[in-house]
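Chemist: Give me a model of this one.
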Amino acid sequence: MSCLQISASLCCCSSSSTFKRVNAAINIPKLPSVPFSLPKIPSRTTKKLNQELNGSTYIIIPSEKDASTSQNYVDFSNPRKSNKATIQLYALLEAVADRVEMHRNIGEQRNNWNSLLLNSVNMVTLAGAAMVGVTTAIDDSTAPMLALKLSSTLLFSAATGMLLIMNKMQPSQLAEEQRNATRLFKQLQTEIQTTLAIGNPSEEDVKSAMEKVLALDKAYPLPLLGAMLEKFPSEFEPAVWWPKTDKTIDFQKQVARSHKKTNNGWSPELEKEMMQIIEVMKSKDLEDYNRLGNMALKVNKTLAISGPLLTGIAALGSALASHGSSWPGIVAAVAGPLAASINALEHGGQVGMVFEMYRNCGGFFKLLQETIEATLEEKDCEKRENGELFEKKVAMKLGRSVSQLRQLASKFSACDSEGIGIDEFASKLF
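Modeler: Next up, the predicted model:
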C-alpha cells in the first residue's frame, strides 16, 4: 500500500513538471526607418535594354539636347535607324586604330634593324681590319696568310655593300617616321572620338577625317620600295601630314572687317595678336629649324658617303697587300677602324632620326601657321571657332599661358616699331 502511494506521488510530480509553463519575453530593438527611393527607369530606356537583350547591339552616344538624361543609340543591326555619318566615323575609327598598331610595330622593327645592322657591320669591319693587320705584320706568303688576306677582302666588300643599303634606308630615320605617324594617328583617333562623343556628326566631319587619314598615309608610307621618303633631299623641307588647302589671306582687309563686326569671342585685338604670333614663328622658330635641318642634312650626307668609301678603300688595300709591299695593308688596317667609327657616329648617334625630328618640328609650326591663317580668313566670325578657345589652344600648343602669349605679341609689336628683331622664340616646347 505504501509503495502504491509513493509511485502515485511520483507520477503526480512528474506530470506537474511536464505541464509547467515557462513564460519568457525577448525584447528586440526597433531599427530606425531610413527613407529611400529607387530611380525610375524610363520606359524608353527599358525598351532599348529589352531590344539589346534580344540580340541587337547598341553604342550609347550623348545627345546634344540633354546629355545628362537622354541618350542616342546607334543600332548597327539596323543601319537605317542609325545616323549614316556616325556609322562611317566608327568605320574610320577602326581603320585609324589599326594604323596606330601597324606603325607602332613597324617602328619597333626598324629600330631593331638600326641596332642590329650597326653592330653587324662594325663587327665585320673590325674583323677584316684585324685580319689584314695580321697579314701585314707577319712577313710570310704561305697559304694561311693568303687565306687571311682573302677573308679580310671579302669582309670589307660585304661591309661596303651592307653600308650602302643601310645608308640608303636610314633605319633610325625610318623608326622616327613611324613614331611620328603613331603619335599623329593617335591624335586623329582622339579627334574622331571627341566628334562622336559630342554627337550628331555630319558628312563634312566624315570627309575631313578621311582626308586626314589619306594625308597621313602619304606623309608616312609603310613600304620601303617605291613609296619610301627621300632620305637625302636637295634642300630641307618641313614635313607635311595634313590636307593642303589653297587659301590666301589679306591681313589688312581682315582687320578692317573685324572693326565693323566682332562676335563669337573675336576682336580686332585678338586678330592682331594672332598675326603677330605668326610673324614670330616665321622669323624665329621656322627659320631656326630650317637652319638646324639643313645642318643635320649636310652632316648625314657626309657620314653616309664616308663610311662606304672607307670600307671600299680597305677592301682594295687588303686585296693589293702583298709580301713585297705592305703599304696597301696598312691603309686597309687604318681605314677599317675609321669606317667603324663613322658608322657608330652616324647610326649609333642616329643622325637620320635627328634630321626627321627637325622635319617634324618644322611641320608643327607650319601647320599652326596655316591653321591660324585659315581661321582668320573666314569672313563670318560666327563660323569660326570661338576666339577665346582658339587663343587658349594656340597658347597651349606653344607651351605658354594666355597672358604669356599676349606678352609675346606685345613684345613683338614693340620690337617691330623700333626696327629690331625679337630675341624670343614663339614656342617653349621645342
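
Chemist: Show the subsequent helix or strand relative to the helix ranked longest in the chain.
Modeler: Identified as the longest helix of the chain according to DSSP state H is helix 84-137. Scanning forward in sequence from helix 84-137 by DSSP states H and E, the next helix or strand is helix 143-169.

Chemist: Tell me which other helices or strands that next one touches.
Modeler: Contacts defined by 3 or more C-beta pairs under 8 Å, 6 or more residues apart in numbering; DSSP states H and E place helix 143-169 against helix 84-137, helix 287-320, helix 327-343. In short, each C-beta sits where N, CA and C put it, glycine included.

Chemist: For Asn386, give its distance to Asn263.
Modeler: Per C-beta to C-beta, to the nearest Å, Asn386 is found 10 Å from Asn263.

Chemist: Kindly apply the preceding question to Ile277 instead.
Modeler: From Ile277 across to Asn263, the span is 22 Å (C-beta to C-beta).

Chemist: Gln178 too?
Modeler: Look at Gln178 and Asn263: by C-beta to C-beta, they are 44 Å apart.

Chemist: Ser234 too?
Modeler: The value you get for Ser234 to Asn263, if C-beta to C-beta is used, is 48 Å.

Chemist: same check, this time on Leu376
Modeler: From Leu376 over to Asn263 the distance is 15 Å, taken as C-beta to C-beta.

Chemist: okay, these two: which has more neighbours?
Modeler: Neighbours were counted for Leu376 and for Asn263 using other C-beta atoms under 10 Å; Leu376 has more, 22 against 12.

Chemist: Shouldn't that one be within a helix?
Modeler: Yes. Residue state for Leu376 (DSSP: H, G, I helix; E, B strand; the rest coil) corresponds to a helix.

Chemist: thought it was touching Met274?
Modeler: Yes. Counting by C-beta atoms under 8 Å, Met274 is a contact partner of Leu376 at 6.3 Å.

Chemist: how about stretch 312-322: buried residues?
Modeler: Gly312, Ile313, Ala314, Ala315, Leu316, Gly317, Ser318, Ala319, Ala321 (16 or more other C-beta atoms under 10 Å).

Chemist: again with stretch 100-119
Modeler: Buried residues in stretch 100-119, defined by neighbour count with 16+ other C-beta under 10 Å: Val100, His103, Arg104, Ile106, Gly107, Arg110, Asn111, Trp113, Asn114, Leu117, Leu118.

Chemist: got a list of what Val240 touches?
Modeler: Listed by C-beta atoms under 8 Å, 6 or more residues apart in numbering, the contact set of Val240 reads Ala215, Ala219, Gly363, Lys366.

Chemist: Show the contacting residues for Met318.
Modeler: One thing to correct before we go on: residue 318 is Ser, not Met. Gly128, Met131, Val132, Lys149, Ser152, Thr153, Phe156, Pro328, Gly329, Ala332.

Chemist: ok, now how distant is it from Pro337?
Modeler: From Ser318 to Pro337 the distance is 14 Å (C-beta to C-beta).

Chemist: Need the nearest residue in space to Ile138, chain neighbours excluded.
Modeler: Met145 (6.3 Å; C-beta to C-beta, 6 or more residues apart in numbering).

Chemist: likewise Thr375?
Modeler: Arg384 (5.7 Å).

Chemist: Wait, that neighbour touches Ala374, no?
Modeler: No. Arg384 lies out of contact with Ala374 (C-beta under 8 Å); the separation is 9.8 Å.

Chemist: give me the element the spatially most central residue of the chain is part of.
Modeler: By C-alpha atoms, centre = their mean, the chain has its centre lying nearest to Arg183, at 1.0 Å. Assessed by DSSP H and E, Arg183 sits inside helix 171-198.

Chemist: as a whole number, average confidence for the helix or strand following that helix?
Modeler: Using DSSP H and E, the helix or strand that follows helix 171-198 in sequence is helix 203-219. Averaged over helix 203-219, pLDDT sits at 94.

Chemist: Now do helix 203-219 and helix 84-137, the angle between them.
Modeler: 10 degrees (axes from the mean of the first three to the mean of the last three C-alpha atoms, to 10 degrees).

Chemist: packing partners for helix 203-219?
Modeler: Applying 3+ C-beta pairs under 8 Å, 6+ apart, one finds that helix 203-219 contacts helix 84-137, helix 171-198.

Chemist: ok and the helix holding Arg183 relative to helix 287-320, angle-wise?
Modeler: Following the same axes, to 10 degrees, one obtains 140 degrees for the angle between helix 171-198 and helix 287-320.

Chemist: I'd like to know which elements helix 171-198 is packed against.
Modeler: Helix 171-198 sits against strand 58-62, helix 84-137, helix 203-219, helix 351-377, with contacts defined as 3+ C-beta pairs under 8 Å, 6+ apart.

Chemist: export the contacts of Val240 to a markdown table and tack on neighbour count?
Modeler: Formatted as a markdown table, those follow (neighbours: other C-beta atoms under 10 Å):
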| residue | neighbour count |
| --- | --- |
| Ala215 | 17 |
| Ala219 | 17 |
| Gly363 | 20 |
| Lys366 | 20 |
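
Chemist: For those, give me a markdown table that also has distance to Asn294.
Modeler: Below are the contacts of Val240 laid out as a markdown table (distance: C-beta to C-beta, whole Å):
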| residue | distance to Asn294 |
| --- | --- |
| Ala215 | 25 |
| Ala219 | 20 |
| Gly363 | 15 |
| Lys366 | 16 |
